[in-house]
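Chemist: here's a sequence, model it:
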Amino acid sequence: MMKSPCDELAIQSRSMTASGAPQAGIWILTAAILGSSMAFIDSTVVNVALPALQSSLGATVIDVQWVVESYALFLGALILVGGSMGDLFGRRRAFLMGVTVFAAASAWCGLAPSIHQLIIARSIQGLGAAFLVPGSLSLISAAFDEKERGRAIGTWSGATAITTAAGPVLGGWLIQHASWRWAFFINLPFAAAVISISLKHVPESESTTEKRVDWLGAAIITVALGGLVYGLIESARLGWRDPFVFGPFAIGVACLIAFFFVEARVAEPMVPLQLFKSRPFSGANLLTLFLYAAVGIFFFLFPLDLIQVQGYSATVTGAATLPFILLMSFLSRWSGGLVARYGARLPLIVGPLITAVGFILFAVPSVGGSYWSTFFPAFIVLGFGMTISVAPLTTVVMEAVDQDRAGTASGINNAVARIAGLLAVAVLGIVMVRSFSAQLDRSLARLPIPAEQRNDIQSSYVKLAALEIPPGVDRNTASEIKASVNDAFVYGFRWIMLICAGLSVLGAAQSWCLIPGKPDLQRQPPQGPKNVSHML
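Modeler: Numbering: from 1, shown residues only. Just a heads-up that it's a prediction; the model follows:
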């Protein structure tokens, strides 16, 4: 449920000559805003829809992990290639291809009769997003010269912040009053408007420099991430000794190692490894990895907690995240000013530490209690910590490389943010299932449940809080089992929140070691509005 860092930097850093008639600028900006909003709304609404589709399709938590991970896998692995394709074959053409594929896959998601078809459709949706997301940013870069680009970035950021904030609430209302399928159908009117505007009013533009697409690197990293994620997720269901778990995981590790060898040798790699010789650049990406892994797993589990355990509606669950979104939107300019006053290092230490406190506050609530006294304070602290962190993070990425490599650097940082969430849901999903199972075993041991019914319950542990009470259990025992299931989920959720806090502290520690202080940051950050909305 995140906008990635450096989106504005990806626009600002690209050195281009504005193309197309001046009057086309408003249409280009509109198409880019609607296209970006479609991707951002989808990511927020789908997480709110997870409990509903889990119930509707009888899915386990592993299945809903795949609903999220299949999309994130192709988007994270191919987003750099998607950007290069726009430069090579035409930015409008690549953007339209991404929108069309994304919309068609969204329709398939909404019509999917089974969880397996939904997962396949989500994979294709991620493929479309890999062209849509960078395509919308490159359209703005190509359409506006340096004088007008800052204003265009501000307009894009503000508009996408509004749609990002409205997405969870609108989506939650549709899920509650219609169906989870509307989490995907909501993309179709956006796509129709984008395609119509682009075909009529957006001129084609291509890069003037000759570039190559690193197809080999893209294929290897896709297989690597796919193997790793498959092994991690399925290990909770099949166990590590199963050849269908160990085999893909081993292939993923081998391909990941091969990826670095390939990138070090190809003429135009998708990830130039020499950029990581810069300590600030490596530090910024490590911090991105830690923070976005923590936030990624949080926004995967939090809707399950609110809807299945706390008893919130989908609409209220979507609205519950608004304090976080609004803080990230309204305080981004203020946080950008912290760099000029204190340098990037101090905010990148203090921000993650405040974020860690926010995660600890999310570990406090049990079952029940008012939102305003349980989750609202935690959201305020978490949002404040992330607000302090993201704008300086963007500045460090820009300052760490030469200006002609800033576009590549921002793309890498975006990919790291998306892959962080991908890996976090896979790895910490295992921790959640194991913690939930262990706690529920301890609770059930105290209840008078027949062995056959106990086995039925234990076989459904992978459904987490959506676990169904087996038939034949008396009312009082069923009530105690449900209370035990809720307590077990809260127990596992607390462990995950403490791990997220630890990841945030690790991010602060590596910032202390790798990010230079104010005297070492000699160039000024790019002018113009930026970082208005980075999350959710």
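Chemist: and the helices in the stretch 101-250 of the chain?
Modeler: Taking DSSP state H, counting those that start in this stretch as the test, the helices found in the stretch 101-250 of the chain are 115-143, 146-177, 182-185, 187-201, 215-238, 243-263.
Chemist: cool, and the stretch 401-536 of the chain?
Modeler: Secondary structure of the stretch 401-536 of the chain by DSSP H, counting those that start in this stretch: the helices cover 406-444, 451-458, 475-514.
Chemist: go through those and find the least confident stretch.
Modeler: Per-stretch mean pLDDT for the helices of the stretch 401-536 of the chain is lowest at helix 451-458 (a mean of 84).
Chemist: got the angle for that helix vs helix 406-444?
Modeler: Put simply, helix 451-458 runs at 170 degrees to helix 406-444, going by axes from the mean of the first three to the mean of the last three C-alpha atoms, to 10 degrees.
Chemist: distance of residue 52 relative to residue 422?
Modeler: Residue 52 is 23 Å from residue 422, where distance means C-beta to C-beta, to the nearest Å. For the C-beta atoms, the positions are set from N, CA and C on the backbone; glycine is no exception.
Chemist: look at the two and report which has more neighbours.
Modeler: residue 422 (26 against 19; other C-beta atoms under 10 Å).
Chemist: so what's that one up against?
Modeler: Shown in contact with residue 422 (C-beta atoms under 8 Å, 6 or more residues apart in numbering): 69, 72-73, 76, 225, 229, 296.
Chemist: could you redo the last one with a cut-off of 7 Å?
Modeler: Going by C-beta atoms under 7 Å, 6 or more residues apart in numbering, residue 422 touches 69, 72-73, 76, 225, 229.
Chemist: possible to save those residues as CSV with distance to residue 429?
Modeler: Formatted as CSV, the contacts of residue 422 follow (distance: C-beta to C-beta, whole Å):
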residue, distance to residue 429
69, 9
72, 13
73, 14
76, 16
225, 15
229, 10
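Chemist: still on that earlier bit, out of the helices of the stretch 101-250 of the chain, which is closest to residue 470?
Modeler: Among the helices of the stretch 101-250 of the chain, helix 215-238 comes nearest to residue 470, with 19.7 Å by C-beta to C-beta.
Chemist: what is that closest one packed up against?
Modeler: Applying 3 or more C-beta pairs under 7 Å, 6 or more residues apart in numbering; DSSP states H and E, one finds that helix 215-238 contacts helix 61-89, helix 243-263, helix 406-444.
Chemist: list of residues touching it?
Modeler: For helix 215-238, the external contacting residues (C-beta under 7 Å, 6+ apart) are 62, 65-66, 69, 73, 76-78, 81, 244-246, 248-249, 251-253, 255-256, 258-259, 262-263, 266, 269-270, 419, 422, 426-427, 429-430, 433, 462.
Chemist: pLDDT check: weakest of the contacts of residue 422?
Modeler: By pLDDT, residue 76 ranks lowest within the contacts of residue 422, coming in at 89.
Chemist: which residues touch the closest residue to that one other than its chain neighbours?
Modeler: Among residues not flanking residue 76 along the chain, residue 418 sits closest, at 3.8 Å (C-beta to C-beta, 6 or more residues apart in numbering). Contact analysis of residue 418 by C-beta under 7 Å, 6+ apart lists 4, 72, 75-76, 79.
Chemist: any chance of those residues in TSV, plus neighbour count?
Modeler: Shown next, in TSV, are the contacts of residue 418 (neighbours: other C-beta atoms under 10 Å):
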residue	neighbour count
4	25
72	25
75	29
76	28
79	25
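Chemist: okay, the residues you listed in a markdown table with distance to residue 129 next?
Modeler: Below are the contacts of residue 418 laid out as a markdown table (distance: C-beta to C-beta, whole Å):
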| residue | distance to residue 129 |
| --- | --- |
| 4 | 12 |
| 72 | 9 |
| 75 | 5 |
| 76 | 10 |
| 79 | 8 |
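Chemist: which of the residues you listed lies closest to residue 154?
Modeler: residue 4 (18.3 Å).
Chemist: what about residue 442, how many neighbours?
Modeler: A total of 13 residues lie near residue 442 under the criterion other C-beta under 10 Å.
Chemist: which ones are touching it?
Modeler: With the criterion set at C-beta under 7 Å, 6+ apart, residue 442 makes contact with nothing.
Chemist: what separation do you get for it and residue 484?
Modeler: In terms of C-beta to C-beta, residue 442 sits 9 Å off from residue 484.
Chemist: circling back: what subset of the contacts of helix 215-238 is buried?
Modeler: Burial of the contacts of helix 215-238 was assessed by neighbour count (16 or more other C-beta atoms under 10 Å); the buried members are 62, 65-66, 69, 73, 76-78, 81, 245, 248-249, 251-252, 255-256, 258-259, 262-263, 269-270, 419, 422, 426-427, 429, 433, 462.
Chemist: closest one to residue 138 out of the contacts of residue 418, please.
Modeler: Residue 138 lies nearest to residue 79 out of the contacts of residue 418, by C-beta to C-beta, at 12.0 Å.
Chemist: tally of neighbours for the residue lying closest to that closest one once chain neighbours are set aside?
Modeler: Spatial nearest neighbour of residue 79, chain neighbours left out: residue 130 (4.9 Å); criterion: C-beta to C-beta, 6+ apart. Residue 130: 28 surrounding residues under other C-beta under 10 Å.
Chemist: re earlier: most tightly surrounded among the helices of the stretch 101-250 of the chain?
Modeler: The highest mean neighbour count among the helices of the stretch 101-250 of the chain, using mean count of other C-beta atoms under 10 Å, belongs to helix 115-143: a mean of 25.
Chemist: would you agree residue 73 is in contact with residue 126?
Modeler: Yes - the pair residue 73 / residue 126 is scored as a contact, 6.4 Å apart, by C-beta atoms under 7 Å.
Chemist: might you list the low-confidence residue ranges for the stretch 301-450 of the chain?
Modeler: Across the stretch 301-450 of the chain, the ranges flagged by pLDDT under 70 are 403-404.
Chemist: report the contact partners of residue 345.
Modeler: By C-beta under 7 Å, 6+ apart, residue 345 lies in contact with 511, 515-517.
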